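> I would like the atomic coordinates for the input below:
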Amino acid sequence: MHNKINKLTLAVTLASAVMATGQAAASGFQVREQSAKALGNAMAGAAAGAEDVSYMTFNPAAIGNVEGTQVSGGISYIDAGFELTDASASSVSGAGYMGSGDNEGGEEAWVPSFAFKTRLNERFDLGLAISAPYGLSTKYDKEWIGRYHAVETELETIDIQPTLNYRATDRLNLAVGLRAQYADATLSNAIDLGAVGAGAGQLPPSAIGNADGMAEVTGDDWGYGYTLGALFQATERTRLGISYRSEVELTLDGDVDYSSDSPAGQAVLAGAQATGQLQDGGGKADITTPANLNLGIYHQLTDRLALMANAEWTEWSSFKELTVDFDNGGQSTTTENWDDTWAFSVGANYQLNRQWLLRAGLGVDESPVPDSEHRTPRVPDADRRWATLGATWMPTSSLGVTAGYMHVFGDDGDIDQNATPTNENASRGNLSGTYEVEADVFALSMDYRF
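As a prediction, the model looks like this:
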């Protein structure tokens with residue numbers, strides 16, 4: 001039956017949502033907002049900036065450029081907005097889906113970060129960073145036109161990164177860090193129980209799209225990886241940096257819960273559960289957060305002006321397909337075909353006076369989504385550009401307070417999700433339109449050197 005929705009479908013939805021959705025501020029589901037100083041420069045100083053201990057998240061060797069003991073804490077506020085315009089949706093049989101409310105799915109999110117380092121001896125530094133390198137928070141109205149594809153999606157990650165830096169020479173720092181990553185996901189989407197009932201002869205065809213249920217899925221896991229970095233002081237004014245962050249493999253244990261507020265939907269749900277369908281249960285999805293590489297240069301042009309540039313490569317091509325194993329012994333594979341991406345940024349610092357440092361930057365970021373057929377409501381992703389401003393206030397030589405602002409200009413992205421009786425959209429239906437994406441990010445941090 002082409003309208004049948006079962007536990008397998010919902011488990012696939014869980015895994016694809018976690019791997020395929022991100023904040024509008026970065027491509028995929030990456031979150032780069034781990035340092036207010038780096039954000040103020042559009043991440044142009046990520047690999048080579050090394051201004052304080054917070055840069056350890058981007059390049060672990062950054063702590064070799066920081067004297068003594070230092071602690072840093074910060075928070076970023078992300079206001080991501082996207083809207084599906086010229087939207088059209090229908091069931092796999094061609095019956096039109098209607099929606100109420102708007103087609104906006106943006107959400108607000110807070111991203112905390114913390115870093116600490118101390119010098120062990122003349123050769124070694126020890127550090128610890130806690131960050132959230134991946135995450136998302138999207139929510140549509142329950143009655144919106146694309147509700148069978150997505151309603152709510154939330155992914156939270158925490159990276160705990162102990163780091164050891166080795167001062168190989170007076171100019172070269174080499175570092176390695178362990179990454180312990182925890183991921184927790186929650187998502188929901190509507191179920192067209194009207195279509196299920198109509199396909200079973202339980203409801204008339206007019207019930208299609210008019211007797212909804214909801215499915216909510218949760219999952220979490222720990223995974224482990226590593227990070228490597230090098231920082232080279234080429235001259236008194238020029239610094240080069242390179243860092244690599246490994247992929248992290250996770251297996252999300254998921255639970256699914258079905259419900260319906262519609263009397264007709266409740267009857268269909270009860271009938272399906274009596275035959276072993278749409279029953280609360282679970283499954284496992286193997287996912288991988290991608291590896292990435294940062295290359296950067298920092299140059300002190302004058303005593304007041306510093307220039308910097310960064311290039312970041314992310315191995316999104318590791319997300320070619322997703323295989324999900326289910327509690328009942330079944331298996332499903334969904335093809336995604338994401339592409340590797342590059343992000344480029346340039347930035348500048350200007351030392352206004354002893355207490356104030358002004359920051360600015362520009363950046364461009366590629367989307368890993370290859371085409372409209374692979375763009376979904378959980379992936380309203382497109383190429384984007386950044387413009388940033390920031391400032392650091394140092395009331396004393398030991399204390400720094402930094403604020404940064406980023407505006408993200410996203411390209412419009414077409415979506416063309418087609419449904420056939422045998423593909424993964426059989427129960428979700430057809431959905432097309434154009435996504436408009438933008439975001440604002442505000443960051444605030446404080447660092448103190450002992």
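> hey, where'd the strands end up in the stretch 351-450 of the chain?
In the stretch 351-450 of the chain, the strands defined using DSSP state E, counting those that start in this stretch lie at 356-365, 384-393, 399-410, 413-417, 430-449.
> between those, which one is nearest to Ile63?
Evaluated over the strands of the stretch 351-450 of the chain, closeness to Ile63 peaks at strand 430-449, with 12.1 Å, by CB to CB. Where C-beta positions appear, they are placed from N, C-alpha and C, glycine not excepted.
> buried residues in that closest one?
Across strand 430-449, burial judged by 16 or more other CB atoms under 10 Å covers 430-443, 445, 447-449.
> so where is the chain shaky, pLDDT-wise?
Applying pLDDT under 70 to the chain flags the ranges 1-25, 322-335.
> mind redoing it with 50?
Across the chain, residues meeting the criterion (pLDDT under 50) sit at 1-22, 330, 332.
> what is the neighbour count of Asp280?
Neighbour count of Asp280, defined by other CB atoms under 10 Å: 12.
> again with Gly45
Neighbour tally, Gly45, other CB under 10 Å: 34.
> same check, this time on Leu358
Around Leu358 there are 15 other residues, counting by other CB under 10 Å.
> that one touches Asn349, doesn't it?
Yes: counting by CB atoms under 8 Å, Asn349 is a contact partner of Leu358 at 7.0 Å.
> among the strands of the stretch 351-450 of the chain, which is nearest Arg179?
strand 430-449 (21.1 Å).
> partner strands of the closest one, with direction?
Strand 430-449 pairs in its sheet with strand 70-90 (antiparallel), strand 399-410 (antiparallel), strand 413-417 (antiparallel), by DSSP bridges.
> go ahead and name everything in contact with the second one.
Counting contacts by CB atoms under 8 Å, 6 or more residues apart in numbering, the residues outside strand 399-410 that touch it are 24-25, 33, 36-37, 39-40, 42, 52, 74, 82, 359, 382-395, 436-449.
> go again with 6 Å.
With contact meaning CB atoms under 6 Å, 6 or more residues apart in numbering, strand 399-410 is reached by 24-25, 36-37, 39-40, 382, 384-390, 392-394, 437-448.
> cool, the last one as well?
The contact list for strand 413-417, computed with CB under 6 Å, 6+ apart, reads Ser372, Glu373, Arg375, Ala382, Asn425, Leu431, Ser432, Gly433, Thr434, Tyr435.
> would you mark the buried spots in it?
Going by 16+ other CB under 10 Å, strand 413-417 has these buried residues: Gly413, Ile415, Gln417.
> and for stretch 86-100?
Ala87, Ala89, Ser90, Ser91, Val92, Ala95, Tyr97, Gly99.
> count of neighbours near the residue lying closest to the fourth one once chain neighbours are set aside?
So that's Ser91. Counting by CB to CB, 6 or more residues apart in numbering, Ser91 lies nearest to Gly429, which is 4.7 Å off, once chain neighbours are set aside. Gly429 has 28 neighbours, counted by other CB under 10 Å.
> next one: Arg171
12.
> and if you look at Glu373?
Applying other CB under 10 Å, we find 13 residues neighbouring Glu373.
> swap in Arg354?
When neighbours are counted by other CB under 10 Å, Arg354 registers 8.
> the residue nearest to it when sequence neighbours are not counted and Tyr148, how far apart?
Once flanking residues are discounted, Arg354 sits nearest to Met394: 7.5 Å by CB to CB, 6+ apart. Shown here: Met394 relative to Tyr148, a distance of 53 Å by CB to CB, to the nearest Å.
> compare those two (neighbour count), which wins?
Neighbours per residue, other CB under 10 Å: of Met394 and Tyr148, the larger number sits with Tyr148, 25 against 16.
> give the bridge partners for Thr157, please.
Bridge pairing for Thr157 - DSSP bridges - gives Ala183.
> tell me which element Leu128 is part of?
For Leu128, the host element (DSSP states H and E) is strand 124-131.
> which outside residues touch that strand?
With CB under 6 Å, 6+ apart as the contact definition, strand 124-131 has outside contacts at 34, 56-57, 63-64, 113-120, 159-163, 165.
> repeat that for stretch 340-355.
Against stretch 340-355 from outside (CB under 6 Å, 6+ apart): 27, 41-44, 304-317, 357-366, 368, 393-394.
> repeat for stretch 190-209
Against stretch 190-209 from outside (CB under 6 Å, 6+ apart): 1, 3, 5, 91, 95, 97, 147-148, 210-215, 265, 268.
> ok so, going back, and the buried residues of stretch 86-100 as a markdown table, adding distance to Asp184?
As requested, these are exported to a markdown table (distance: CB to CB, whole Å):
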| residue | distance to Asp184 |
| --- | --- |
| Ala87 | 30 |
| Ala89 | 30 |
| Ser90 | 34 |
| Ser91 | 33 |
| Val92 | 32 |
| Ala95 | 36 |
| Tyr97 | 31 |
| Gly99 | 29 |
